[in-house]
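K.L.:
only geometry, no sequence info:
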DNA sequence: ACATTAAGTGATT
DNA sequence: AATCACTTAATGT
């Protein structure tokens, strides 16, 4: 199977052979659903070409995009679900025409211990996805602290009766239960937005904060 | 001029 | 967001 060429550098020869023997090549046309929510997962996909959109359906029945699976990737959710014969929590639709390999999940346990490169591949896709989610969470949390900091500064200036605040980033950080580096960056961003001016041990609030 | 402390930055987790 | 490592700027002695 020529399509496996791209994996020959990534996977050990025995694994490539196992893929050829056990995996089923599958073509999916654009727009077709690969996996519905609630469907029992029986195979692990490896996308060879095309693009798969993975989404979640919320309580109102609305679709929420989780991530895309690119060529040479697999679906992180599948790994975590299939291990214990779980039902799919997600929906997968072919965004473009997809050509993929379907690997029976029964082989997963065996392959994980048998092929180090397979374990690496699985771990990598899970880790990549996990990091992606971490970033999203960080951004949400970041915005919260951003608002907290602005409120804190406003409060200080009201108490002081001045737009000049004599505090080091370090002091502010400990009051907001975070670290100096974080405060420095937030303040810098606010300065760039023309909300305030930064000096040493001193912050000048501007009117349009 | 030198040491100390505050602030800025990039990379990593 | 936190931490680390490192740079740069300001201040004090």
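P.N.:
Arrived safely, thanks for sending. Quick caveat, the model's predicted, so the values are computed rather than measured. Residues are numbered from 1 along each chain as shown, chains lettered A, B, ... in the order given.
K.L.:
going forward, measure contacts and count neighbours with C-alpha atoms only.
P.N.:
Fine.
K.L.:
could you pull up phi and psi at the most centrally placed residue in chain A?
P.N.:
In chain A, the residue lying closest to the centroid (C-alpha atoms, centre = their mean) is residue A:132, at 2.0 Å. Backbone torsions of residue A:132, given as degrees, to the nearest 10, read phi -60, psi -40.
K.L.:
looks to me like residue A:11 is in a strand.
P.N.:
No: applying DSSP: H, G, I helix; E, B strand; the rest coil, one finds residue A:11 to be coil, outside a strand.
K.L.:
not counting sequence-adjacent ones, nearest residue to it?
P.N.:
Distance criterion C-alpha to C-alpha, 6 or more residues apart in numbering; nearest residue to residue A:11, sequence neighbours excluded, is residue A:117 at 5.5 Å.
K.L.:
pretty sure the one you found sits against residue A:14.
P.N.:
No: counting by C-alpha atoms under 8 Å, residue A:117 stays clear of residue A:14, with 10.4 Å between them.
K.L.:
tell me which of these two has more neighbours.
P.N.:
More neighbours surround residue A:117 than the other of residue A:117 and residue A:14, with 16 against 12 (other C-alpha atoms under 10 Å).
K.L.:
the more buried one: which element?
P.N.:
Secondary structure from DSSP states H and E places residue A:117 in helix A:116-160.
K.L.:
pull the residues that contact the helix or strand just after that helix.
P.N.:
Using DSSP H and E, the helix or strand that follows helix A:116-160 towards the C-terminus is strand A:164-165. Applying C-alpha atoms under 8 Å, 6 or more residues apart in numbering, the contact partners of strand A:164-165 are A:153, A:156, A:157, A:202, A:203, A:204, A:205.
K.L.:
which of those count as buried?
P.N.:
A:153, A:156, A:157, A:203, A:204, A:205 (16 or more other C-alpha atoms under 10 Å).
K.L.:
point out the residues in chain A that sit beside DNA strand B.
P.N.:
A:167-170, A:181, A:184-185, A:187-188, A:198-202 (C-alpha under 7 Å from any atom of the strand).
K.L.:
for residue A:68, state which of those residues is nearest.
P.N.:
Of all the residues of chain A next to DNA strand B, residue A:68 sits closest to residue A:185, with 31.2 Å by C-alpha to C-alpha.
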